[in-house]
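# This is a predicted model, with the sequence first.
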Amino acid sequence: MQVTEVKTQTDKKVFLDVARTIYANDPNWVCPLDNDIEAVFDPSKNNFHNRGAATRWVVKDESGNPIGRIAAFINDKKAHKYEQPTGGCGFFECIDDINASTLLFDTAKNWLQERGMEAMDGPINFGENDNFWGLLTEGFTPPSYGMNYHLPYYKALFDNYGFAKLYEQITNYLDVHKPFSERFTKIANWVIKKPGYSFAHLNPKQIDKFARDFMEIYNDGWQNFENFVPINYATILESFEQMKAIMDPKLIWFAYINNEPASFIVIMPDANQFIKPLNGKLNIWGKLIFVYRRWRGASRMRAIVMGTKQKYQNHGLESALFIKLKEYVLPLKQYNELELSWVGDFNDKMLALHSAVGATFGKRHLTMRYKF
């Protein structure tokens with residue numbers, strides 16, 4: 001077997017095609033857009049390159065056939081927040097072969113070790129954790145946009161190399177047509193009517209304002225989680241820009257208390273329902289198919305991220321935001337399901353909210369760590 005670093009355009013094509021080969025006979029898999037994956041490794045489209053480094057490789061068998069791939073990255077702002085300097089690996093795909101997977105993991109490990117790292121997390125992304133993050137171990141059903149999908153044997157490949165679970169990522173599903181409990185609805189409506197409390201959906205014409213509100217809420221609400229790294233304004237604008245093609249501004253809501261940004265929820269139509277036939281190719285024909293399917297609409301939504309400032313976390317704002325969303329969604333008679341993805345097993349408050357709205361278990365991903 002031979003490992004090749006991805007450098008040329010041909011190498012990039014091979015890297016992308018590895019996944020298409022491995023999942024060729026899996027009806028549940030949805031090929032991520034090539035453009036989305038390439039953007040991760042493009043410094044002009046991913047500002048994480050300003051504070052770190054990334055590279056990737058492909059492994060081929062003795063006949064020269066690509067049988068696996070992996071990427072490795074170092075986020076300088078996060079790497080040294082752990083007990084040992086920690087990098088990451090991701091975009092891992094491999095045939096069911098321990099030798100091939102070990103060679104890939106070794107390659108990523110060696111690259112990280114040469115740069116001072118003493119551990120690697122995986123499979124993760126060189127970016128925020130809302131996309132391409134975690135190893136799927138339960139819920140092998142069609143993935144929503146940005147969520148990792150893997151074959152069941154991948155867990156054994158990670159275990160065999162010595163990765164251990166760092167935390168679980170829980171995805172729950174909410175039936176849009178199922179009424180909220182009477183108690184939940186009563187509390188939410190009471191919050192909505194409280195003096196000084198106001199709610200607004202995203203206004204694309206004021207994207208700068210909402211991006212700053214998002215940053216203010218997120219960096220306050222998440223700051224006490226272990227190894228938290230504040231999100232910056234450029235990353236938020238990048239994310240909003242990437243979401244434009246599928247965004248419905250009325251699915252992105254903010255709560256304010258006396259005009260102070262207090263809470264938000266970001267929900268998107270599930271773009272995987274638009275891109276599944278494209279096989280990752282957003283060429284002219286692919287764009288026409290995408291536009292048509294986007295016009296027809298999706299039946300599933302994905303809640304990408306929620307956040308509430310610490311001082312407002314027991315004020316019922318999240319409940320009120322769900323009511324606001326339902327007031328918009330139900331009359332559309334379009335959506336059937338909301339995927340709440342993903343919540344770490346360490347986030348008791350968010351898991352409690354999922355339970356309160358009546359969500360049921362959908363998928364489990366693992367973020368794993370291998371210490372050198």
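In hand now; what should we look at?
# Quick one: the helices in the stretch 201-350 of the chain, in order.
Chain-ordered helices for the stretch 201-350 of the chain, with DSSP state H, counting those that start in this stretch as the definition, fall at 207-221, 233-243, 272-275, 284-296, 317-332, 348-356.
# among those helices, which is nearest residue 104?
In terms of C-beta to C-beta, the element of the helices of the stretch 201-350 of the chain nearest to residue 104 is helix 272-275, at 25.9 Å. Bear in mind the C-beta positions are built from the backbone N, C-alpha and C, glycine included.
# Point out the other helices and strands that the closest one packs with.
Contacting helix 272-275 under the criterion 3 or more C-beta pairs under 8 Å, 6 or more residues apart in numbering; DSSP states H and E are the following elements: helix 284-296.
# follow-up on the earlier one: out of the helices of the stretch 201-350 of the chain, which comes closest to residue 38?
Where the helices of the stretch 201-350 of the chain are weighed against each other on C-beta to C-beta, the nearest is helix 233-243, at 12.5 Å.
# buried set for that closest one?
Counting neighbours by 16 or more other C-beta atoms under 10 Å, one finds that the buried residues in helix 233-243 are 235, 236, 237, 238, 239, 240, 242, 243.
# Just the buried positions in the least confident helix or strand in the chain by mean pLDDT, please.
Using mean pLDDT, DSSP states H and E, helix 284-296 stands out as the lowest-scoring helix or strand of the chain, at a mean of 79. The neighbour-count criterion (16+ other C-beta under 10 Å) identifies 286, 289, 290, 293, 294 as the buried residues of helix 284-296.
# Name the residues that touch it?
Applying C-beta atoms under 8 Å, 6 or more residues apart in numbering, the contact partners of helix 284-296 are 245, 246, 273, 274, 275, 277, 278, 282.
# Report the residue ranges of every domain in the chain.
2-167, 177-335 (automatic domain parsing).
# Those domains: lowest mean pLDDT?
When these are compared by mean pLDDT, domain 177-335 comes last with a mean of 89.
# List the residues that contact residue 275.
With C-beta under 8 Å, 6+ apart, residue 275 has these contacts: 30, 31, 33, 145, 282, 290.
# what's stretch 238-254 in contact with?
By C-beta under 8 Å, 6+ apart, the surrounding residues in contact with stretch 238-254 are 36, 39, 45-47, 128, 130, 145, 199-204, 207, 210-211, 213-214, 217, 261, 263-269, 271, 274, 290, 294, 301, 321, 324-325, 328-329.
# hmm, which of those are the buried ones?
Here the buried ones among the contacts of stretch 238-254, as counted with 16+ other C-beta under 10 Å, turn out to be 36, 46, 128, 130, 145, 199, 202, 207, 210-211, 213-214, 217, 261, 263-269, 271, 274, 290, 294, 301, 321, 324-325, 329.
# The stretch 51-200 of the chain: helices as residue ranges?
Listed in chain order, the helices of the stretch 51-200 of the chain (DSSP H, counting those that start in this stretch) span 76-79, 98-114, 154-161, 182-192.
# Could I get those in a markdown table, plus columns for distance to residue 310?
As requested, the helices of the stretch 51-200 of the chain are arranged in a markdown table below (distance: least, C-beta to C-beta, whole Å):
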| stretch | distance to residue 310 |
| --- | --- |
| helix 76-79 | 21 |
| helix 98-114 | 34 |
| helix 154-161 | 35 |
| helix 182-192 | 17 |
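# Pull the distance from stretch 76-87 to the chain's centre.
In terms of C-alpha atoms, centre = their mean, to the nearest Å, the centre of stretch 76-87 is set 21 Å apart from its chain centre.
# buried stuff in that stretch?
Neighbour counts using 16+ other C-beta under 10 Å place 78, 79, 82, 85, 86, 87 of stretch 76-87 among the buried residues.
# Now do the same contact list for residue 329.
Applying C-beta under 8 Å, 6+ apart to residue 329 gives the contacts 176, 251, 301, 335.
# try it again with 6 Å
residue 335 (C-beta atoms under 6 Å, 6 or more residues apart in numbering).
# about what we covered before: turn the domains of the chain into JSON lines, columns for distance to residue 371.
Output for the domains of the chain, formatted as JSON lines (distance: least, C-beta to C-beta, whole Å):
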{"stretch": "domain 2-167", "distance to residue 371": "4"}
{"stretch": "domain 177-335", "distance to residue 371": "15"}
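# how about these, which one is nearest residue 361?
Closest to residue 361 of the domains of the chain is domain 2-167 (C-beta to C-beta; 7.9 Å).
# how far does that closest one stretch from start to finish?
Distance between the boundary residues of domain 2-167 (C-alpha to C-alpha, to the nearest Å) amounts to 33 Å.
# Check stretch 265-285 too.
Distance between the two ends of stretch 265-285: 33 Å, counting by C-alpha to C-alpha.
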